[in-house]
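Visitor: Sharing a model that was predicted from the sequence below.
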Amino acid sequence: MHIDRIQSRSTRYAATVLLPLALVLAFTSWGSSGASEAEPSSAATAKPPEMSSAAQVVVTYFHTTFRCPTCRKLEEYSRETVENDFAKQIEEKKIVFRAVDVEEPENQHFVQEYGLYTKSLILSLTKDGKEIRWKNLPDIWRLVQDRAKFEQYVQSEIEAYLKDL
């Protein structure tokens, strides 16, 4: 009987913790480099259509075509944080949010430019249509289960970038 309880707990642990973790690891074949900030590569300085020539912060959620529920939640929380906390800056075109599927041929260059190996949220400071610097926000994965902390993290990182506009 005691062994049955241990096996039952082990099975529950495997089903609720290990299996989802294994699935996330299995389906995240690209993403963030782990570097917190970097200078842009020459290829990363091209002006995407969403960007203006004025100084702005571009917040990009990079994903693949296949997205698990957690990956969708990452995008949802990121988008809603930007839209809810920075509505004025969006209206003034000081902030742009976009979601980019890196499996589309025209977006594949981002994988190498940002060192992506999993779904990632990248902040990019642009001036005169050129990327000045960028930062990966890797803690979104750690904080996705606590929405308030997730939003606070993303908000504070964006605010730090806005100071440089």
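Guide: That came through, no problem.
Visitor: what stretches of this structure score poorly on pLDDT?
Guide: Counting by pLDDT under 70, the chain has low-confidence residues at 1-52.
Visitor: At which residues are the helices of it located?
Guide: For the chain, applying DSSP state H gives helices covering 2-13, 19-27, 69-85, 87-91, 109-114, 140-143, 147-162.
Visitor: State the distance from Glu151 to Leu143.
Guide: Between Glu151 and Leu143 the computed distance is 9 Å (Cβ to Cβ, to the nearest Å). Glycine gets a C-beta too; all of them are placed from N, C-alpha and C.
Visitor: er, Asn136 actually
Guide: Distance, Asn136 to Leu143, by Cβ to Cβ: 14 Å.
Visitor: Any idea how far apart the tips of stretch 129-143 sit?
Guide: Using Cα to Cα, to the nearest Å, one end of stretch 129-143 lies 32 Å from the other.
Visitor: With stretch 89-101 instead?
Guide: End to end - Cα to Cα - stretch 89-101 spans 25 Å.
Visitor: Please spell out which residues along it are buried.
Guide: Residues 89-90, 94-97, 100 are the ones in stretch 89-101 that count as buried (16 or more other Cβ atoms under 10 Å).
Visitor: Out of the residues you listed, which is nearest to Ser78?
Guide: Comparing these against Ser78 with Cβ to Cβ places Phe97 closest, at 7.4 Å.
Visitor: quick one: the closest one and Gln56 touch, right?
Guide: No. Contact criterion Cβ atoms under 8 Å: Phe97 and Gln56 do not qualify, at 11.0 Å.
Visitor: Is Leu123 bridged to anything, and to what?
Guide: As for beta bridges, Leu123 partners with Val59, Lys135 under DSSP bridges.
Visitor: check contacts around it.
Guide: For Leu123, the contacting residues are 57-59, 134-135, 137, 157-158, 161, by Cβ atoms under 8 Å, 6 or more residues apart in numbering.
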